[in-house]
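1. With the input below, show me the fold.
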Amino acid sequence: MSIALSDQAKSTLRTAAYGAVSLMAAATGSPQKAAANASTALTSATGPVGYVLAANAEDIELKGKSVAELADRVLPALTAAMKLLAQQAPAEADNFRSTILLATEAAQRHLDRPSTTTAEMARKIRAALDVAGAATADSGAAPAAAAGLNRPELRKAIEEIVDSGFVGVSLRVHDERGEWVGSAGTAELGGTAKPPTNGYVRIGSNAKTFTATLVLRLVAEGKVGLDTPVNGYLPGFGLDERITVRMLLQHTSGLFNFSGEVYDDGTIALGIPIPYSTTGKEWLDNRFKAYRPRELVELALSRPARFEPGTGWSYSNTNYALARLLIEKVSGRSFTQEMQRLILGPLGLSDTVVPDGAEIPEPHAHAYYRYEDAGEQKTIDITRQDPSWVSSGGDMISTTQDLARFISALLGGKLLPAPLLAEMCTPHPTGIPNMDYGLGVFVLTTDDGGTVITHNGASVGHAALMYSTPDGSKTLTAALNCVDDANLSIAAAFQNAQQRLLNEVFGGGPADPAQPTD
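-> Residues are numbered from 1 along each chain as shown. Sure thing, here's the model as predicted:
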């Protein structure tokens, strides 16, 4: 398979890619090891870009250059390469960018301690890659990948989602036709401006996919055993010794969900105050409260387990709070630091945030909550809220572009070795028709027998969708803002929105019925 580019264009891509390797290697002071690591990362590239980078590279002349001389040549070449792809092969622009960022990360892996020189060089490389996209955005033009794409069915779908009760929605679809980006509705109640097409959104339970990937990265590093009892890593909680790391990621531990349980007979067991059910007003009044993962886990462990470890499936945020504590214990770093080191940094996901507090970066659409006060219905802007009540099961912030890059890179094999990626996507029965769970992902069977990997999530007035084919080649990501309430009045519309978009892009299948922040 090859890209329909001229030989000169292919040479530009190879010069930019291997130039970035040479530049990082020279900056480290130990060029041989750095160059070997970075070159290995380049050869892992997939798709048409991988084909171009793997081809004969005799047309590259970068030997014997100083760091300054290399930078003068390589940085403009990186920008030129991104512009070239945006114009002639837009579907591969993100693939090229991710590959270069993986290579720069790999070049630094042999260093004993962080280097300000290499970090600054990596920053300059990232900036050069981003210049083409920034120039397009500043011009007010449509993104190159979306230019010329007429997708009336997608435009109609998001307008129907707004009509169903959402305040606004932004959608990003990447498939064989290129990338389409659009938004409908408004960013604020009573406003006229549409939601930003790449604004920040609270991604809810999509965070579970990030957390599971982070645990699996540590498995790949040999620091965690997937089928090792969690109690061995976190002995202070007195966990059932049969609960393994796999069971946390798969929701088969049986642990009580600290945000509450709804049992098969309809009985409700409350946990911490959450925005739904009878605790909605209490949550609203304390929405800036900060919870520690340990206290959430301890609350859950004070309640009876739902079932014996490994004998059932039940969606529980407790599993992912424990996963966060596990990550911090075995790595010796904070969850945020490890997320940056192993996922956000390598993929260049500069717009993805593990928040510490109530703030959300600009631009963003607004989130709302409706409640009853003295018999009167009131609606309040809750865009600012502390999401620590759901911990790493749903606290992260991202954009549709970063979500698309993440799920495409993950399923394209850029983050995990093939055997671990296969483990992640191996379906385990949930009891929900055509919808199984892997390790931090739902595995859906569409109406036409296809498979889609997803999670999706809602976080009180915000929601985010993330779907992909198993190879990462086709993705759908979306951000939605709405008026939420204790009765989950928007839930049916949320599921219908998922189904509408799933049908349109992937040919149909079930929507994710799990309330992601329960």
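2. for the chain, which spans come out with low pLDDT?
-> 1-3, 29-35, 37-38, 40-41, 43-47, 56-65, 91, 108-116, 131-149, 508-518 (pLDDT under 70).
3. Skipping its backbone neighbours, what lies nearest residue 359 in space?
-> The shortest distance from residue 359 to any non-neighbouring residue, by CB to CB, 6 or more residues apart in numbering, is to residue 384 (6.5 Å). Glycine gets a C-beta too; all of them are placed from N, C-alpha and C.
4. residues touching that neighbour, list them.
-> Taking CB atoms under 8 Å, 6 or more residues apart in numbering, we find residue 384 in contact with 288, 358-360.
5. phi, psi of it?
-> Residue 384 adopts backbone torsions of phi -90, psi 120, taken as degrees, to the nearest 10.
6. Could you do residue 364 as well?
-> Residue torsions, per degrees, to the nearest 10, at residue 364 are phi -160, psi 160.
7. what about it, neighbour count?
-> By the criterion of other CB atoms under 10 Å, residue 364 has 20 neighbours.
8. Which ChimeraX command selects the buried ones in the contacts of residue 384?
-> A single ChimeraX command selects the buried members of the contacts of residue 384 (16 or more other CB atoms under 10 Å):
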select :358,360
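9. and which of the contacts of residue 384 is nearest residue 202?
-> residue 360 (6.8 Å; CB to CB).
10. Spatially central residue in the protein, please.
-> In the chain, the C-alpha nearest the mean C-alpha coordinate belongs to residue 403, at 4.2 Å (CA atoms, centre = their mean).
11. now the strands for the stretch 401-518 of the chain?
-> Assigned by DSSP state E, counting those that start in this stretch, the strands in the stretch 401-518 of the chain fall at 428-432, 435-437, 442-445, 451-454, 457-458, 462-468, 475-481, 483-485.
12. In a markdown table: those, plus mean neighbour count and distance to residue 326.
-> Formatted as a markdown table, the strands of the stretch 401-518 of the chain follow (neighbours: other CB atoms under 10 Å; distance: least, CB to CB, whole Å):
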| stretch | mean neighbour count | distance to residue 326 |
| --- | --- | --- |
| strand 428-432 | 14 | 20 |
| strand 435-437 | 21 | 19 |
| strand 442-445 | 21 | 22 |
| strand 451-454 | 22 | 23 |
| strand 457-458 | 28 | 21 |
| strand 462-468 | 27 | 23 |
| strand 475-481 | 28 | 28 |
| strand 483-485 | 22 | 31 |
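13. could those be laid out in TSV, adding distance to residue 344?
-> What follows is those, written out as TSV (distance: least, CB to CB, whole Å):
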stretch	distance to residue 344
strand 428-432	28
strand 435-437	24
strand 442-445	23
strand 451-454	20
strand 457-458	18
strand 462-468	16
strand 475-481	16
strand 483-485	28
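14. closest to residue 332 out of these?
-> Nearest of those (CB to CB): strand 457-458, 28.8 Å.
15. Tell me which other helices or strands that closest one touches.
-> Helices and strands touching strand 457-458, by 3 or more CB pairs under 8 Å, 6 or more residues apart in numbering; DSSP states H and E, are helix 206-220, strand 462-468.
16. now for the strands of the stretch 401-518 of the chain, which one comes closest to residue 294?
-> Using CB to CB, the nearest of those to residue 294 is strand 457-458, at 23.0 Å.
17. Within its sheet, name the partner strands of that closest one and how each one runs.
-> strand 462-468 (antiparallel) (DSSP bridges).
18. how many degrees apart are the strand it pairs with and strand 475-481 in direction?
-> Calculated by axes from the mean of the first three to the mean of the last three CA atoms, to 10 degrees, strand 462-468 forms an angle of 170 degrees with strand 475-481.
19. got the angle between strand 462-468 and helix 206-220?
-> Interaxial angle, strand 462-468 versus helix 206-220 (the same axes, to 10 degrees): 50 degrees.
20. what about strand 462-468, distance to the chain center?
-> Put simply, strand 462-468 sits 9 Å off its chain's centre (CA atoms, centre = their mean, to the nearest Å).
21. Distance from stretch 87-95 to the middle of the chain?
-> Its chain's average C-alpha position is 20 Å from that of stretch 87-95, according to CA atoms, centre = their mean.
22. Same question for stretch 167-185.
-> The answer for stretch 167-185 is 17 Å, by CA atoms, centre = their mean.
23. could you dump it to CSV, C-alpha only?
-> The C-alpha trace of stretch 167-185 is given here as CSV (Å, rounded to 0.1, in the frame of the first residue of the first chain):
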residue,chain,number,x,y,z
VAL,A,167,-27.9,22.1,24.3
GLY,A,168,-25.0,21.4,21.9
VAL,A,169,-22.9,18.8,20.2
SER,A,170,-19.6,18.7,18.3
LEU,A,171,-18.6,15.7,16.2
ARG,A,172,-15.4,14.5,14.6
VAL,A,173,-15.4,11.5,12.2
HIS,A,174,-12.3,10.1,10.6
ASP,A,175,-12.8,7.4,8.0
GLU,A,176,-11.8,6.4,4.5
ARG,A,177,-13.3,9.7,3.1
GLY,A,178,-11.1,11.8,5.4
GLU,A,179,-12.0,13.8,8.5
TRP,A,180,-15.3,15.6,9.0
VAL,A,181,-15.7,18.1,11.9
GLY,A,182,-18.9,20.0,12.8
SER,A,183,-21.0,21.3,15.6
ALA,A,184,-24.7,22.1,16.2
GLY,A,185,-26.8,23.8,18.9
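24. where along the stretch 251-400 of the chain do the strands fall?
-> 261-262, 268-269, 368-373, 376-381, 397-398.
25. could I get those as JSON lines with mean neighbour count and distance to residue 93?
-> Output for the strands of the stretch 251-400 of the chain, formatted as JSON lines (neighbours: other CB under 10 Å; distance: least, CB to CB, whole Å):
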{"stretch": "strand 261-262", "mean neighbour count": "16", "distance to residue 93": "44"}
{"stretch": "strand 268-269", "mean neighbour count": "12", "distance to residue 93": "48"}
{"stretch": "strand 368-373", "mean neighbour count": "17", "distance to residue 93": "35"}
{"stretch": "strand 376-381", "mean neighbour count": "11", "distance to residue 93": "36"}
{"stretch": "strand 397-398", "mean neighbour count": "24", "distance to residue 93": "19"}
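26. Straight-line length of stretch 485-494, end to end?
-> Taking CA to CA, to the nearest Å as the measure, stretch 485-494 stretches 13 Å from start to finish.
27. again with stretch 79-95
-> First-to-last residue span, stretch 79-95, CA to CA: 14 Å.
28. List the buried residues of that stretch.
-> 79-86, 89-95.
29. Return the subset of these lying in helices.
-> 79-86, 93-95 (DSSP state H).
30. Can you convert the helices and strands packed on strand 457-458 into JSON lines and add a column each for distance to residue 251?
-> Compiled in JSON lines, these are given as follows (distance: least, CB to CB, whole Å):
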{"stretch": "helix 206-220", "distance to residue 251": "9"}
{"stretch": "strand 462-468", "distance to residue 251": "18"}
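31. Noted, bye for now.
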